[in-house]
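> Okay, predicted coordinates and the sequence, questions at the end:
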Amino acid sequence: MSNYKTVFFTLGILLIILGVAMLVPVVIQLIYDEFDSTFIISGIITITFGILFFLSNIDHLKLINTHQAFLLTALSWLSIATFGSLPFFFSELNLSVTDSFFESMSGITTTGATILSNIESSPRGILVWRSMLQWLGGIGVILMAITLMPIMNIGGMQLLKISSYDTSEKILPKSKEISLKLIFVYTSLTFLCAFFYKIFGMNTFDSLTHSMTTIATGGFSNYDQSIGYFNNAYIEIISILFILSGSIPFILYIKFISDDKKIIFKDEQVKLFFKLTLVSIFVLFIYLAIVNKDVFEIHLRSVIFNVISILTGTGYVTKEFDQWGNFPLIFFLILMFVGGCAGSTTCGIKIFRVHILYYFIRNQLLKIIYPRAIINLKYNNSKVEDKLIASIISFIYLYILIFFVLASMLTLTGLDFITSISGAASSLSNVGPGLGGEIGPNSNYSGLPDQSKWLLSAGMILGRLEIFAILIIFLPSFWRK
C-alpha cells in the first residue's frame, strides 16, 4: 500500500477541494432564500474523507510513476463523481442513488445527459452545482491531458508532451508549473463568456451557470429547452464562439501568451477541426435545403449551432434536430465519434487521431504503388513513430468495439435500437443528448431503467478517460509488483 501513498494523498486533496466547492451553492441558497442542509452535509462528508486520505498518507514520496498515474486518474474521477452525487441525493428532488450518481457522472465528465425533468423548477443550489461539476470536469480533463496522459502513452496522447524532457518522475513538478497558467486562461474565458451572456440578455444567474458549462463544452442548462429557451441569436453566437474557444488545445493558449502568436493558426489539429466544422455545416445545410425545396425555410443559424454543439460534445440544442430526417441522424452520429481537439475540453476520438489515421492509410496506399519508397509520417512537422501509430490504431479499434458492446448491452435492458445506438455513442463521446423520442435533444434520461443508467455512466467515464486509463486497472498484471 505504501506504493500508493502519493495517489491517496492527492485524492485527499481533490476531495477537500470538492468539499470546499460545495460551499458556493450554499451562498446561492442564501441569496435566493432557498437555504437547506443539502450542501452543508455533503461538504462535511466529502471534506472528512478528504482529510482522512490526506493525513494517513502525508508521508508520501512526492513522486508518481506511470503505474500510479493510471490508478490516480481512475480513482480521482470515480471519487469525485461519487462524492459529487451527494448533493443530488440529499436534495429535495428525492433522487435515487442511481439517478444521483448518473447526474454527477454526467456533470464531471462534461457529458451533459440529465435525468432532471422540469429543470427550471429545480433549486438554484442544485443548478449551480451541476454547472460547477462540469466546470471542474473541464479544467480537470485539460490538466489530465497535458500532464498525466502523455506519460501514460494512451492512444497517441504523448504528442501533447510539454517538452521532450517530460518523464513520469517529473510529472508533479511540471503539472504545478503549468496548472496556474491553465487555470488562469480557463477562468478568464469563463468570466468573459458570462460577461457577454449578461450583455446580450441572460440574467446574472443564468450567465454564470451557462458560462461554466459553455467553456467546459458540457451542455448542462437551467432549462429543458437548453439554449433554445432564450431564442436569442446573439446568445447563440456568443455560445458558439466560446464553445470553439473551449475546443482548442489549451496548451496553445499558453504558447500564444508566451511568445508564439501564430501557433493557433499553425497547428494541424486546429486547422482540420475548423475545416471539418465548416464542411459539416455546408453538407447539412445543402441536404436540408434540397429536402425542403425552399432554402428560405432552412435556418442556417440552427444548423451552425447544432453542428458545432454535437461535434464538440457540448450538447446544447436549439432545435429538435432528430426531426430533420434520417441523414442528419447518421451525420450527427459520426460527428459524435470524431469529437474535438485533444488537450481541450471536448470529447470523442479526437481530431488528431483521425488525422494521423488518414495519413497512415494514405502512406500505406503509396507504399503499394512505390514499394521501395521510404515514406515518413509527420504531424505538426514532427515524425510520428510506429509505436505511436500503433497506439492510435488500437485506441480507435477499442473505441468502436466498446461502442458496439455498450449498445448491445443497452438493448438487453429493454431499450430500442435508436436509443441504444445513440445512447452508447452519446455517453462514450460525452455528448449528452441522444437521438429518438426517449433521449432526443428535447428529452432526458429519466425514463431509462436503472441498469441502462449504470451502463451509460460506465460509458461516460470510459470515454472521458480515454478508455485505457480505466480498463488497464482491471488487468491482473497491473497489480503485480
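Here it is on my side, so go on. Numbers count the residues shown, from 1 in each chain.
> Do me a favour and get the end-to-end distance for stretch 421-437?
End-to-end distance for stretch 421-437: 13 Å, by CA to CA, to the nearest Å.
> For it, give the mean pLDDT please.
Averaged across stretch 421-437, pLDDT comes to 89.
> buried sites along that stretch?
Buried residues in stretch 421-437, counting neighbours by 16 or more other CB atoms under 10 Å, are found at 421-436. For every residue, glycine as well, the C-beta is placed using N, CA and C.
> now for those residues, which pair is the farthest apart?
Asn430 and Gly436 (18.8 Å; CB to CB).
> Give me the subset of the buried residues of stretch 421-437 that lies in helices.
421-428, 436 (DSSP state H).
> now, among those, which is nearest to Pro87?
The nearest one, if we look at these relative to Pro87 and count by CB to CB, is Ser427, at 22.0 Å.
> need the contact list for the closest one.
111, 113, 406, 456-457, 459-460, 463 (CB atoms under 8 Å, 6 or more residues apart in numbering).
> can you do 10 Å?
Ser427 is in contact with 105-106, 109, 111, 113, 336, 403, 406, 410, 434, 439, 445, 452-453, 455-464, counting by CB atoms under 10 Å, 6 or more residues apart in numbering.
> Not counting sequence-adjacent ones, nearest residue to it?
Distances taken as CB to CB, 6 or more residues apart in numbering put Gly459 closest to Ser427, at 3.5 Å, once the chain neighbours are dropped.
> for the residue nearest to the spatial centre of the chain, helix, strand, or coil?
Centroid-nearest residue in the chain, with CA atoms, centre = their mean: Thr110, separated by 4.2 Å. Assigned by DSSP: H, G, I helix; E, B strand; the rest coil, the conformation of Thr110 is coil.
> show me what contacts it?
133-138, 140-141, 213, 216-220, 246, 313-315, 345-347, 430-432, 460, 464.
> next structured bit after the helix or strand where Phe102 lies?
Phe102 belongs to helix 97-108 when assigned by DSSP states H and E. Next helix or strand after helix 97-108 toward the C-terminus (DSSP H and E): helix 124-143.
> Helix or strand with the lowest mean pLDDT in the protein?
Across the helices and strands of the chain, mean pLDDT, DSSP states H and E gives its lowest value to helix 149-152, namely a mean of 69.
> how big is the angle separating the very next helix or strand once past it from helix 124-143?
Next in sequence after helix 149-152, counting helices and strands by DSSP H and E, comes helix 171-199. Relative orientation of helix 171-199 versus helix 124-143 (axes from the mean of the first three to the mean of the last three CA atoms, to 10 degrees): 130 degrees.
> For the stretch 251-400 of the chain, which segments count as helices?
Secondary structure of the stretch 251-400 of the chain (DSSP state H, counting those that start in this stretch): helices at 263-266, 268-292, 300-311, 326-338, 351-369, 386-412.
> Go through those and pick out the most buried.
Ranked by mean neighbour count, the helices of the stretch 251-400 of the chain are led by helix 300-311 with a mean of 24 (mean count of other CB atoms under 10 Å).
> chain center to that one: distance?
How far helix 300-311 lies from its chain's middle: 18 Å, per CA atoms, centre = their mean, to the nearest Å.
> same thing with stretch 473-481?
That offset, for stretch 473-481, works out to 27 Å (CA atoms, centre = their mean).
> For it, the averaged confidence score.
Mean per-residue pLDDT for stretch 473-481: 80.
> What is the end-to-end distance of stretch 422-435?
One end of stretch 422-435 to the other measures 6 Å (CA to CA).
> just how off-centre is that stretch within its chain?
11 Å.
> rewinding a little: give the closest residue to the residue nearest to the centre of the chain in space, chain neighbours not counted.
Gly218 (3.9 Å).
> got the contact list for that neighbour?
Neighbouring residues of Gly218 by CB under 10 Å, 6+ apart: 106-112, 130-131, 133-135, 137-138, 212, 246, 313-316, 345, 347, 430, 432.
> make it 6 Å
Gly218 sits next to 110, 112, 134 when contact means CB atoms under 6 Å, 6 or more residues apart in numbering.
> Ser280: which of these is nearest?
Nearest member of the contacts of Gly218 to Ser280, counting by CB to CB, is Gly112, at 19.5 Å.
> Tell me if I'm right that Ser226 and Tyr316 touch.
Yes. Counting by CB atoms under 6 Å, Tyr316 is a contact partner of Ser226 at 5.2 Å.
> Name the SS class of the residue nearest to Lys5 when sequence neighbours are not counted, please.
Nearest residue to Lys5, sequence neighbours excluded (CB to CB, 6+ apart): His60, at 3.8 Å. Following three-state DSSP, the label given to His60 is coil.
> wait, isn't His60 in contact with Phe9?
Yes. When contacts are counted by CB under 6 Å, His60 is listed as touching Phe9 (4.5 Å).
> okay, the spatially most distant residue from the centre of the chain: pLDDT?
When each C-alpha in the chain is compared with the mean C-alpha position (CA atoms, centre = their mean), Arg372 comes out farthest, at 43.4 Å. In this model, Arg372 is scored at 85, pLDDT.
> In the stretch 101-250 of the chain, where is pLDDT below threshold?
Where the stretch 101-250 of the chain drops to pLDDT under 70, the residues are 150-153, 155-176.
> what's the neighbour count on the nearest residue to Ser104 once chain neighbours are set aside?
Among residues not flanking Ser104 along the chain, Ser85 sits closest, at 3.7 Å (CB to CB, 6+ apart). When counting by other CB atoms under 10 Å, one arrives at 24 neighbours for Ser85.
> can you pull the contacts of Ser85?
Neighbouring residues of Ser85 by CB under 6 Å, 6+ apart: 100-101, 104.
> Phi first, then psi, for it.
Dihedral angles of Ser85 (phi, psi; degrees, to the nearest 10) stand at phi -80, psi -10.
> Looks like Leu11 contacts Ile51 (just checking).
No. Under the criterion of CB under 6 Å, Leu11 is not in contact with Ile51, lying 11.7 Å apart.
> Find the nearest non-adjacent residue to Gly125, please.
Using CB to CB, 6+ apart and skipping residues adjacent in sequence, the residue nearest Gly125 is Pro25, 3.9 Å away.
> how near is that neighbour to Ser122?
According to CB to CB, to the nearest Å, Pro25 stands 12 Å off from Ser122.
> Also Thr147?
Taking CB to CB, one finds Thr147 at 35 Å from Ser122.
> Repeat that for Gln29.
Counting by CB to CB, the gap from Gln29 to Ser122 is 13 Å.
> Which one's more surrounded, these two?
A direct count of neighbours by other CB under 10 Å for Gln29 and Ser122 places Gln29 higher, at 21 against 16.
> Now name the helix or strand holding that one.
Counting by DSSP H and E, the element that carries Gln29 is helix 23-31.
> picking that back up, what are the phi and psi angles of the residue farthest from the centre of the chain?
When read as degrees, to the nearest 10, the backbone of Arg372 gives phi -90, psi 0.
> Let the chain start at 15 from now.
Okay, residue one is now 15; in that scheme the one you just asked about reads as Arg386.
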